[in-house]
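Asks: Build me a model:
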Amino acid sequence: MIKRTISGQIDKGDVNHNNREFIASNVDKYRVKDNITIVKDDIRDVYHELFDEALKEFNARQTRKDRIIHDYREHIRHGRQEKEFYEVIFQVGNMDDTPVGSDAAKTATGILKEFTEGFIKRNPHIRVFNAVIHLDEATPHVHIDFVPFATGQKRGLPTRNTLSKALEQQGFKGKDKLETNTKMWIEREKQELAAVMLTRGIEWEQLGTHNEHLSVLDYKKQERQKELKDLDSKTKSAEWVLNQREKLLSDIETTIDRLDGEYQEKRDTIESMDTEIAAKQSEVTQVTEELTAAADQLAEQQALIAESAGKVSQIKDINSIETKKTVFGGKITVAAEDYDKVSALAKKQIAAESHEKKLNEQIKTLKEEKAQLAKEKEELQKKNDEQAKEISFLKSVRERLNVEKLKSEIEEWKKKYNRLMEFIESLDLKEQLEKFLHPVVQVIKHKSR
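Replies: Predicted structure coming up:
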């Protein structure tokens, strides 16, 4: 059976290069027309498709304007942790056994096309927006650009860009630095590519230490092994420091998120208490006004009673009063006009005394309510003051963390590290660097005799 090598790796990605918006030196411009575009979507549309709903939900929960995200793609592009998009490159064979233009290359092209279509279907948390098979270089290979997304996230957007979480949700959980979820995923995809090759009668040739069949990418890296060794010391040091800084930043951000949550919760409690205090104050004011009005009304009634008391203090029911007898044994007659006046005064006296009693009872009730409201207001104010002290403490803790300074230092280290990695990548040494830093130790089992 025919054997061919497989190359598969994650690359930094350049969509303009992949779509031949510009022509690099290793590209045959006359064969650009032969390239096969499988997917070509606008990444801006993809971000809207994946994250708009989650972004709306996230922003609706924010009470601070500085935490609102207006454009998630721009937020990721200028962020520190995630990339705007990722790219994987897969290749079958090398420039010696599968050169572009040969029958082997045509078979490899069909294999890569089928593999890419399957790649899109079997990766539910990988949104491929650009995929191109290049036939204008030495050997057929495919560039697959994608945006990873994880759902059901508790921090940040409920659906957000994160490669590690996306791969975890697809079942790839890394064990250590030698077996990360990314490496496990790439290895799985190589197995899938090998399965497609078998349907066309080609077996995967897995190379050991033999160099005669190295792929084009591996060959270029091997040529610069000496340069890689010179850079090894600095790279390991920078990588270690960066990892420590990123770990520290992650711990600090977790602490800040917790403090921010507590701060927001306390502030919401105070706002709720302020509202309740204002309501109680309004009730106290209303009761006071009612109490004042009742007192005024009582004073008016008491003045009226005092005015008429001298005249009718002994009169309770004018209709039952009898006149004195005359010397002839008869009754004294009273003029109708005088009788009506005395009767009216007596009735007003009785009504005023009854109303006074009701007002006194109402005033007593209002005073009791006012005292109770004042007590409740005092208790709420005490709780409010305690919450304010806790918020002040949380603010002081956050300020002492000096997060901005730590972030600035980490950014400087990242820039240094990125410059170093760009230099290494410009020499096509990234994969060899990884192998050199983390060599795979093979254990040889001896059969018992």
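
Asks: What is the neighbour count of T5?
Replies: Neighbour count for T5, taken as other Cβ atoms under 10 Å: 18. All C-beta spots, glycine's among them, are computed from the backbone N, C-alpha and C.

Asks: Wait, it touches E203, no?
Replies: No. The pair T5 / E203 is not scored as a contact, 10.6 Å apart, by Cβ atoms under 8 Å.

Asks: Can you show me the strands along the stretch 101-250 of the chain?
Replies: 126-134, 141-148, 202-204 (DSSP state E, counting those that start in this stretch).

Asks: now, of these, which is deepest in the fold?
Replies: With neighbours taken as mean count of other Cβ atoms under 10 Å, these reach their highest mean count in strand 141-148, at a mean of 25.

Asks: In three-state terms, label P99 for me.
Replies: State at P99, reduced to three classes by DSSP: H, G, I helix; E, B strand; the rest coil: coil.

Asks: Check E84 too.
Replies: coil.

Asks: what's the closest non-adjacent residue to it?
Replies: R77 (4.9 Å; Cβ to Cβ, 6 or more residues apart in numbering).

Asks: quick one: contacts of stretch 160-171?
Replies: 51, 54, 72, 76, 82-84, 86, 123-126, 147-151, 153, 174, 181-182, 184-185 (Cβ atoms under 8 Å, 6 or more residues apart in numbering).

Asks: quick one: V27 is in a strand?
Replies: No. Checked against three-state DSSP, V27 lies outside a strand; its state is coil.

Asks: Without its sequence neighbours, what residue ends up closest to it?
Replies: Nearest non-adjacent residue to V27 (Cβ to Cβ, 6+ apart): D136, at 5.2 Å.

Asks: since we're on that neighbour, how many residues are nearby?
Replies: Neighbour tally, D136, other Cβ under 10 Å: 19.

Asks: Looking at it now. What's its pLDDT?
Replies: Here the pLDDT value assigned to D136 is 93.

Asks: OK, contacts around it?
Replies: Per Cβ under 8 Å, 6+ apart, neighbours of D136: 20, 27-32, 34-35, 100.

Asks: got the contact list for the closest residue to E189 other than its chain neighbours?
Replies: When the adjacent residues along the chain are set aside, E189 lies closest to G8, with 6.0 Å between them (Cβ to Cβ, 6+ apart). Counting by Cβ under 8 Å, 6+ apart, G8 touches 88-91, 186, 189-190, 193.

Asks: distance of G8 from E300?
Replies: 98 Å (Cβ to Cβ, to the nearest Å).

Asks: re earlier: show me how far the one helix or strand the residue nearest to E189 maps to is from its chain's centre.
Replies: Taking DSSP states H and E as the definition, one finds G8 inside strand 6-11. Its chain's C-alpha centre and that of strand 6-11 lie 32 Å apart, by Cα atoms, centre = their mean, to the nearest Å.

Asks: Excluding chain neighbours, what is closest to the residue sitting nearest the centre point of the chain?
Replies: What sits nearest the mean C-alpha location of the chain, by Cα atoms, centre = their mean, is G156, with 1.6 Å. Distance criterion Cβ to Cβ, 6+ apart; nearest residue to G156, sequence neighbours excluded, is F58 at 6.9 Å.

Asks: got it, and D145?
Replies: Closest to D145 by Cβ to Cβ, 6+ apart is N130, at 4.0 Å.

Asks: List the beta-bridge partners for the one you found.
Replies: K40, D145 (DSSP bridges).

Asks: Only the buried residues of stretch 168-183, if you could.
Replies: 169-170, 172, 174, 180-183 (16 or more other Cβ atoms under 10 Å).

Asks: Specify which member of those is nearest to D41.
Replies: Of all those, Q170 has the smallest distance to D41: 20.8 Å, by Cβ to Cβ.

Asks: Please tell me how far that closest one sits from L359.
Replies: 79 Å.

Asks: between the contacts of D136, which is closest to D274?
Replies: R20 (62.7 Å).

Asks: Quick check: the closest one touching K33?
Replies: No. Using Cβ under 8 Å, R20 is not in contact with K33, being 9.5 Å away.

Asks: Would you confirm that I126 contacts A150?
Replies: No. Assessed by Cβ under 8 Å, I126 is found out of contact with A150, at 10.8 Å.

Asks: Looking at R20 and K33, which one has more neighbours?
Replies: R20 (17 against 9).

Asks: Nearest residue to that one in space, please, no chain neighbours.
Replies: Nearest one to R20, counting by Cβ to Cβ, 6+ apart, is V32 at 5.1 Å.

Asks: How many neighbouring residues does the one you found have?
Replies: Neighbours of V32 (other Cβ under 10 Å): 14.

Asks: Tell me where the stretch 101-250 of the chain is predicted with low confidence.
Replies: 208-239, 241, 245-247, 249-250 (pLDDT under 70).

Asks: try it again with 50
Replies: Within the stretch 101-250 of the chain, the segments meeting pLDDT under 50 span 209-221, 223-224, 226.

Asks: And the helices in it?
Replies: With DSSP state H, counting those that start in this stretch, the ranges of helices along the stretch 101-250 of the chain come out as 103-122, 163-169, 181-198, 216-223, 225-312.
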